[in-house]
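Engineer: After the sequence you'll find the predicted model.
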Amino acid sequence: MLIGRLLYARQQQVQMLAEKSRLQHKQLQAHQFLLKRSTMRFLASAPGLTLSFSAGVLFQLRHRSHIKTLRSLIRWRHLSGL
């Protein structure tokens, strides 16, 4: 009888935790959907397109010597400021 009560209590706890996990998973999925939607909206806006274009240009120029020099100068300033 005691073992039956303990098993029933444990089963109730497992069911409660499983339901809580399902709700958290649904909330996470909803949050990810909203984040993806807002990101896509931003990238389709004028500031987003400007940012995307600038990042693409800088990515293509990353191997040029003056870009490397500029990056090392920025790193040096950052490290010396610490």
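Structural biologist: Yep, that arrived.
Engineer: where in this protein is pLDDT low?
Structural biologist: By pLDDT under 70, the low-scoring segments of the chain are 82.
Engineer: how does it divide into domains?
Structural biologist: As assigned by automatic domain parsing, the chain contains the domains 1-44, 55-82.
Engineer: Now render the ones you listed as a markdown table, adding mean neighbour count.
Structural biologist: Any C-beta I mention is one placed from the backbone N, CA and C, and that applies to glycine too. Shown next, in a markdown table, are the domains of the chain (neighbours: other CB atoms under 10 Å):
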| stretch | mean neighbour count |
| --- | --- |
| domain 1-44 | 10 |
| domain 55-82 | 9 |
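Engineer: residues touching residue 42, list them.
Structural biologist: residue 48 (CB atoms under 8 Å, 6 or more residues apart in numbering).
Engineer: what's the nearest residue to residue 52 if we skip its chain neighbours?
Structural biologist: Excluding the flanking residues, the one nearest residue 52 by CB to CB, 6 or more residues apart in numbering is residue 43, at 6.1 Å.
Engineer: Report the separation between that neighbour and residue 62.
Structural biologist: 21 Å (CB to CB, to the nearest Å).
Engineer: next one: residue 30
Structural biologist: Distance from residue 30 to residue 62, by CB to CB: 37 Å.
Engineer: now swap in residue 25 and tell me
Structural biologist: From residue 25 to residue 62 the distance is 39 Å (CB to CB).
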